[in-house]
Structure formats: structure tokens, C-alpha cells
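Participant: Fold the stuff below for me.
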Amino acid sequence: NEEKPSSTAIVKSVIFSMKPILLTLPPPLNKHRRDNKLLFLLASFILSLLVVRNIMLYSSHILHPFRNPNMEDYRLAYQESSGFFNDIPSHVWKQKKQRVQNQPKHNDEQLGLRSKFMNRNKPKSWYQHNWDAEFTCPHERRVGGVSDGAKWICDPHRLNKDRIDVDGIHDDTYQHSKNGCLVYSFGRGSPITRTFDFAFEIDLLKTIGGEGTCEIHFFDHRLDTFGGHAPRGVILHPWGLEGSTDASKSRRNFMTLKETIHELNHEGRQLDIMRLDCEGCEWNTFREWLNSGILPRQIVVTLHGAPGNEHNIFELLEANNYVIFHREADVRYGGMWQEYGFLRLAPEFFD
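Facilitator: Model (predicted):
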């Protein structure tokens, strides 16, 4: 981002603009020299115009960074990421677009045109040939250290930064619309020890800017027997996530995503991150991630096993403008589980 010019720099610029005019001024006015007086008035008028011009120029660069020729090159990425990226040059952004457009989703060349249906019962083999990462975030980082619950997040430092639109106005449509940064984190309680790993939430909050900079909600149906204390800045909820098809079971301590959003009065909010590690609930809930009242910008999820033929999770997210920015196998289980990171971009990115 362009550094804001100091008042000293502005004064020096004005003086620099005045210097050629002052050098052309005639000697001190003689009250009998009418031509000198007219020339002095003309020079004063020109000087005034130059001062006004410099003030407007610097104001434009400070308040309207995309009008600065040096910033104009970031406009494309800014627009096609819905304001998330404001520092990626156009030529780099176009390379990212080309990669997403050209990278195969399946290994049809080797396995045939229906390769996506092969090895569904062998997750390690299926993931080897399907849906690899296709987009790179400049500052992707692992949040949560080396803990079991750590996740790779796309540029987490951007979650609490002011956004400036192309006209220089603070962009409230992106700036965590309504009431700021919002994160949902589902699952990660130990079924044996009843302990919970909050390393991801603690590290994310620290990365963003500390307590009060982001609203982080942690959900797990085993929290009703949790005897510990919630980390500062993390809000605990004693229910897990289930799909609407399971709602009729009336299971205690479970809610659908839509019910959760309504319970917390979050309808219409921008959900910056939705993290899921809910032991298989992803297969019964993924169709509701995008139509429950809020639209996640990032979805980071542990997929347990390969999707069944009826589980079009990747196709659904792709159709709703998500790209895969991260994928890695959970080596503890021989690649049967996979960690995925999805990022939502503007529809224009895919044109």
C-alpha cells in the first residue's frame, strides 16, 4: 500500500512548484510601474492555482488510492475478489485466473472420462486423481500451530483490515458487513477425554489483532459436560452441526446451520471463515452451507473419506464461485481424510 505523504513532503512540493514563478517575478513593485503590478497579480493567480492543484493531488492519493497510477494495477484483483485482495498486480491475477481455468479437476487423461467415479471406496486413491488445489493465496498460513485442530487460512491478516473501494470510500459491503469479523468453528472435542483444543481459535484471534477484533464462535455437542473455561474472545455453544434431513431425529444438542444462524441472530452477516471438523457431518450438511442465511468467504473442512456418488460437494462449491486454495492429506490416517480450504471469489473471476 502507498505510504501517506507527510506534511513536510507536501510543503516541499508546494515550494518546488512556486520556485520557477518566484524567479520570474520582477523587482519589488514600484507604485509608478503599472506593468509590474499587473505581472505580480498574474503570477499570484497562477501560484494560487498551483497550490490548489498540489493540495488536490495529494488528497486524491491519500483518499483515493486507486486513482494513483501506481495503485490502478490492483483494481482487477480487488474487484474480482469482492474486495479481499487489494495488493495483487493485474498480470499476477490473470495468471491465477488462467490456472483455475486450465487445471483439470479429474485425471481423465489417464483414467478415462468417468475418472471421478472411480475408487470412491478407496479415498487415498480417489483424492490422488481428483480436485487438487488450484489457487494460491499470497500469505496463506497455518493457524493453530502444530495442533490437531490447526487449519490453513487464506491471508488471515486481511480479516480485520479496513477496505477501500475504487472510489476511495470505506467499503462497508465487504468490511465484515454489519458488525465486523465473524468466524464459526464446528467440532474438535475428544470423544474419550472430553477435552477441547482451542489452539486454532486462539491463534486466529491473535493473528487478526487480539480480543475484540473478531467474533469467534465454537460449537461442539460435547460441550455440555465441559468443565473448563472458554478462551478469552471465544464464545462456546454446546451443540453440534447436523443437516436438515437429520433434524427429525430430535437429537439433543444438535442444530442445523440455519437454526444456528437464527439462534445467534446472524442472518445477513458476512461469515469470514467457517471451519468444520465434525467427524463426517460434512456429507449431510454441505448442501446447506450456502443457503442458510449467511455466505462463508472461506470454508476450511476436514473431509472424512471420499465423497459418495451422490455427494457433489466440489461441484456445488465450484458452481458458487469457490476455488480450492489448499489441500493436504491427513497422513495419520493414510490419506483417508483430507484437509481442504475453499475461498469464494466474485463471479467475474470465472468469466
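Participant: contacts and neighbour counts: CA atoms only from here.
Facilitator: Will do.
Participant: May I have the predicted confidence score for the residue nearest the centre of the chain?
Facilitator: Centroid check for the chain by CA atoms, centre = their mean gives Phe84 as the closest residue, at 5.0 Å. Looking at Phe84, its pLDDT reads 95.
Participant: wait, isn't it in contact with His157?
Facilitator: No. Counting by CA atoms under 8 Å, His157 is not a contact partner of Phe84; they are 10.8 Å apart.
Participant: Helices of the chain, start to end?
Facilitator: Residue ranges of the helices in the chain, as given by DSSP state H, are 7-24, 34-63, 75-80, 90-102, 108-111, 123-128, 199-208, 257-263, 282-285, 313-319.
Participant: Least reliable of those by average pLDDT, please.
Facilitator: Looking at the helices of the chain, the bottom one is helix 7-24 with a mean of 60.
Participant: what about the strands in this structure?
Facilitator: Using DSSP state E, the strands of the chain run over residues 141-143, 151-153, 182-186, 215-219, 234-237, 240-241, 254-255, 270-276, 295-304, 322-329, 337-344.
Participant: Rebuild the ones you listed as CSV, extending it with mean neighbour count, distance to Leu47 and mean pLDDT.
Facilitator: Formatted as CSV, the strands of the chain follow (neighbours: other CA atoms under 10 Å; distance: least, CA to CA, whole Å; pLDDT from 0 to 100):
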stretch, mean neighbour count, distance to Leu47, mean pLDDT
strand 141-143, 18, 52, 96
strand 151-153, 23, 53, 96
strand 182-186, 21, 51, 96
strand 215-219, 21, 52, 95
strand 234-237, 16, 58, 94
strand 240-241, 24, 68, 94
strand 254-255, 21, 69, 94
strand 270-276, 23, 49, 95
strand 295-304, 22, 51, 95
strand 322-329, 21, 54, 96
strand 337-344, 22, 51, 96
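Participant: Go through these and name the closest to Asp203.
Facilitator: strand 141-143 (6.0 Å; CA to CA).
Participant: what lines up beside that closest one in the sheet?
Facilitator: strand 151-153 (antiparallel) (DSSP bridges).
Participant: chain center to the partner strand: distance?
Facilitator: Put simply, strand 151-153 sits 12 Å off its chain's centre (CA atoms, centre = their mean, to the nearest Å).
Participant: okay if I get the strands of the chain as CSV plus distance to Thr195?
Facilitator: Formatted as CSV, those follow (distance: least, CA to CA, whole Å):
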stretch, distance to Thr195
strand 141-143, 20
strand 151-153, 19
strand 182-186, 15
strand 215-219, 13
strand 234-237, 13
strand 240-241, 15
strand 254-255, 19
strand 270-276, 17
strand 295-304, 19
strand 322-329, 24
strand 337-344, 22
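Participant: just so I know, which of those lies nearest Val100?
Facilitator: Ranking the strands of the chain by proximity to Val100 (CA to CA) places strand 322-329 first, at 7.7 Å.
Participant: now what about that closest one, what contacts it?
Facilitator: With CA atoms under 8 Å, 6 or more residues apart in numbering as the test, strand 322-329 has contacts from 100, 132-137, 152, 154, 317, 335-345.
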